[in-house]
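A.B. asks: please work out how this folds:
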Amino acid sequence: MRRVERLFALAEHLRAHRTGITAEALAARFGVTVRTIYRDLDALRAANLPLHAERGRGGGFALDRAYHLPPVNFTAREAALLIVASRWLTELRLLPFTDTLRSATEKLRAALPERSQRELARLQRSLGYVGVPAKAADPAVRAAVEQAWFEGHPLRIVYRGARGTTERRVRIDQVVMERSETLLNCFDLEKRASRQFRLHRILRAEGCEESLS
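C.D. replies: Sure, this is the predicted structure:
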């Protein structure tokens, strides 16, 4: 990576880590020495990027909280590969949030100039993928799971397990995508214990109030 490209990438990386990141972590991320990172940070400061350093545990280099960079500018290749990769995720049904992913990639596609859209079409024709599609989940269930996960709200689910169908109130802690199924690592609010559920076995799902603390 050339220095100019690294400086742009470094600025984007700092924007994504507003809580601070150490010079050592930045050096490892970009495959350069810590001394090189310090020179790059000095160059960003010289370009009027408001960087500050926080000492102590959890500290590091960060952008001023009040500062906002211009919108992210993707290269044609970056945008095209993101769209192709999202199509792969959608068709394999690994990611439960397919509608949101489709909406986001359509916006990205629309922002591409004509030449980049032609490159995207070429990539889609020439990139192939082979896999085992994940077991299908009801679209209404996917939508409820997505909302609960993004917003941190509890979820009431009707689940078909090995011992029959039960109703649970859960909080989603983690979404795990395996080769053939999507797993939800949850905290059962009534049993007060961690439980794992298979997305395709959730028959119904809706948001609910968390009555237990």
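A.B. asks: show the pLDDT at the residue lying closest to Leu184 once chain neighbours are set aside.
C.D. replies: Among residues not flanking Leu184 along the chain, Phe197 sits closest, at 4.7 Å (C-beta to C-beta, 6 or more residues apart in numbering). In this view, the C-beta of every residue, glycine as well, is placed from N, C-alpha and C. Here the pLDDT value assigned to Phe197 is 96.
A.B. asks: just the buried residues of the helix or strand where Phe197 lies, please?
C.D. replies: Secondary structure from DSSP states H and E places Phe197 in strand 193-198. The neighbour-count check on strand 193-198 (16 or more other C-beta atoms under 10 Å) flags Phe197, Arg198 as buried.
A.B. asks: show me what it is packed against.
C.D. replies: Judged by 3 or more C-beta pairs under 8 Å, 6 or more residues apart in numbering; DSSP states H and E, strand 193-198 is in contact with strand 164-177, strand 182-188.
A.B. asks: save those as CSV, and put in mean neighbour count and distance to Asp42 too.
C.D. replies: As requested, the helices and strands packed on strand 193-198 are exported to CSV (neighbours: other C-beta atoms under 10 Å; distance: least, C-beta to C-beta, whole Å):
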stretch, mean neighbour count, distance to Asp42
strand 164-177, 15, 39
strand 182-188, 18, 43
